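> fold the following and give me the result.
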Amino acid sequence: MTTLALGATGSMLAALRVRQWIKNLLVVAPLLPAAELVGPDALAGAGVAFAMFCLLSSGIYLLNDVLDVEADRAHPVKRHRPVAAGTVTAGSALVLAGALLLGGLGLATVRGTDLVVVAVAYLAIQVAYCLGVKRVPVLELGAVASGFLLRALAGGVGAGIPLSPWFLLTAGFGSLFVAAGKRYGEARRGEADGTYVRDVVRAYSPSYLRFVWTTAAAIVVGTYSLWAFQVDSESHSTWTMLSTVPFVLALLRYAMNVDAGRAEEPEEIVLHDRMLLTLGLIWAASLVVAELL
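Sure, this is the predicted structure:
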């Protein structure tokens with residue numbers, strides 16, 4: 001009996017996709033260029049935003065798994081997901097999804113109306129994605145990208161830190177870059193081993209996806225550089241300007257993974273690419289130093 005209970009608990013935890021919570025660390029991004037403004041309250045606000053997105057994203061994952069159960073069973077990897085595999089029932093997944101979504105919204109109220117607005121926007125877009133937007137080319141790319149952007153936005157809102165328009169543009173097009181990389185990776189996997197690829201992914205040609213993520217990457221470099229040079233002219237600190245070096249190198253490193261078709265699961269790249277991790281740490285450190293010196 002105990003073994004069965006442990007197995008059920010393990011399946012439910014797997015359905016929550018805890019490993020993908022690493023994407024929720026994007027809430028920390030707005031704190032890095034504002035280190036001098038970061039105090040206990042700001043850290044607490046970012047923590048609330050992180051926990052909120054853990055609840056909301058896992059609730060959406062469960063909802064999507066229930067709605068996509070038949071398609072997932074035809075997928076070489078997704079067929080192992082608990083709902084598709086039958087180790088978690090659709091009913092229990094929906095009950096838990098409802099509880100997580102309500103919990104996430106309730107947690108957002110701790111930091112005020114603005115964070116609630118971000119949470120509601122995320123839910124509206126993701127529910128629409130689950131119900132049909134995921135089958136519409138281009139719109140589904142925007143929906144996936146919005147999830148990354150709203151995480152970064154939630155960090156600033158939750159922490160009470162003003163967000164630069166250049167930061168929002170960088171985060172927005174960076175999100176599109178990651179989303180296009182995900183689709184490119186899925187398309188490349190289908191080409192390589194002949195496994196199931198969704199119709200919406202087949203609607204994109206490899207050259208189109210390459211155009212999207214190349215364009216997005218170019219805009220990211222441009223907007224980040226404009227932000228860095230603006231801050232440099234205002235603060236007379238060269239560290240912000242110098243942060244463009246590790247930032248661009250990290251972007252180029254991630255682009256190598258995209259080009260190789262390995263970016264279908266961005267969290268796997270972040271967890272296992274040591275060079276990317278090192279460049280990310282150097283970039284983060286340069287921003288913190290720029291604010292503190």
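
> for this structure, just list every one of the helices.
2-15, 40-67, 69-73, 82-85, 90-108, 113-131, 139-159, 165-193, 199-202, 206-235, 238-242, 244-259, 266-272, 274-292 (DSSP state H).

> report the angle between the axes of the last one and helix 244-259?
Using axes from the mean of the first three to the mean of the last three Cα atoms, to 10 degrees, the interaxial angle of helix 274-292 with respect to helix 244-259 works out to 150 degrees.

> got the CA positions of helix 274-292 in PDB?
Output in PDB follows, covering the C-alpha atoms of helix 274-292 (Å, rounded to 0.1, in the frame of the first residue of the first chain):
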ATOM      1  CA  ARG A 274      28.600  24.700 -18.300                       C
ATOM      2  CA  MET A 275      30.000  27.400 -20.600                       C
ATOM      3  CA  LEU A 276      26.600  29.000 -20.800                       C
ATOM      4  CA  LEU A 277      26.300  28.900 -17.000                       C
ATOM      5  CA  THR A 278      29.700  30.400 -16.600                       C
ATOM      6  CA  LEU A 279      29.000  33.200 -19.000                       C
ATOM      7  CA  GLY A 280      25.600  33.800 -17.300                       C
ATOM      8  CA  LEU A 281      27.300  34.100 -13.900                       C
ATOM      9  CA  ILE A 282      29.900  36.600 -15.300                       C
ATOM     10  CA  TRP A 283      27.100  38.700 -16.800                       C
ATOM     11  CA  ALA A 284      25.100  38.700 -13.600                       C
ATOM     12  CA  ALA A 285      28.200  39.600 -11.600                       C
ATOM     13  CA  SER A 286      29.100  42.500 -13.900                       C
ATOM     14  CA  LEU A 287      25.600  44.000 -13.500                       C
ATOM     15  CA  VAL A 288      25.700  43.700  -9.700                       C
ATOM     16  CA  VAL A 289      29.200  45.300  -9.600                       C
ATOM     17  CA  ALA A 290      28.000  48.100 -11.900                       C
ATOM     18  CA  GLU A 291      25.300  49.000  -9.300                       C
ATOM     19  CA  LEU A 292      27.400  48.600  -6.200                       C
END
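
> packing partners of that helix?
Using 3 or more Cβ pairs under 8 Å, 6 or more residues apart in numbering; DSSP states H and E, the elements in contact with helix 274-292 are helix 238-242, helix 244-259, helix 266-272. C-beta: built from backbone N, CA, C; applies to glycine.

> tell me which of those sits nearest to T170.
Closest of these to T170 is helix 244-259, at 9.1 Å (criterion: Cβ to Cβ).

> follow-up on the earlier one: to W21, which of the helices of the chain lies closest?
helix 40-67 (5.1 Å).

> number of nearby residues for E268?
15 (other Cβ atoms under 10 Å).

> quick one, domains of the protein?
With domains defined by automatic domain parsing, the chain comprises 33-136+146-161, 164-293.

> how far away from the center of its chain is the shortest one?
Relative to its parent chain, domain 33-136+146-161 has a centroid offset of 10 Å by Cα atoms, centre = their mean, to the nearest Å.

> how about the most centrally placed residue in the chain: what's its closest non-neighbour residue?
Geometric centre of the chain, nearest residue: F148, 3.8 Å, by Cα atoms, centre = their mean. Leaving aside its sequence neighbours, F148 sits nearest to S175 (Cβ to Cβ, 6 or more residues apart in numbering; 3.6 Å).

> low-confidence stretches in this structure?
Confidence mapping of the chain against pLDDT under 70 gives the ranges 1-8, 34-37, 194-196, 232-237, 292-293.

> could you redo the last one with a cut-off of 80?
1-10, 12, 32-38, 70-78, 80, 189-197, 230-239, 290-293 (pLDDT under 80).

> deepest-packed of the helices of the chain, please.
helix 139-159 (a mean of 23; mean count of other Cβ atoms under 10 Å).
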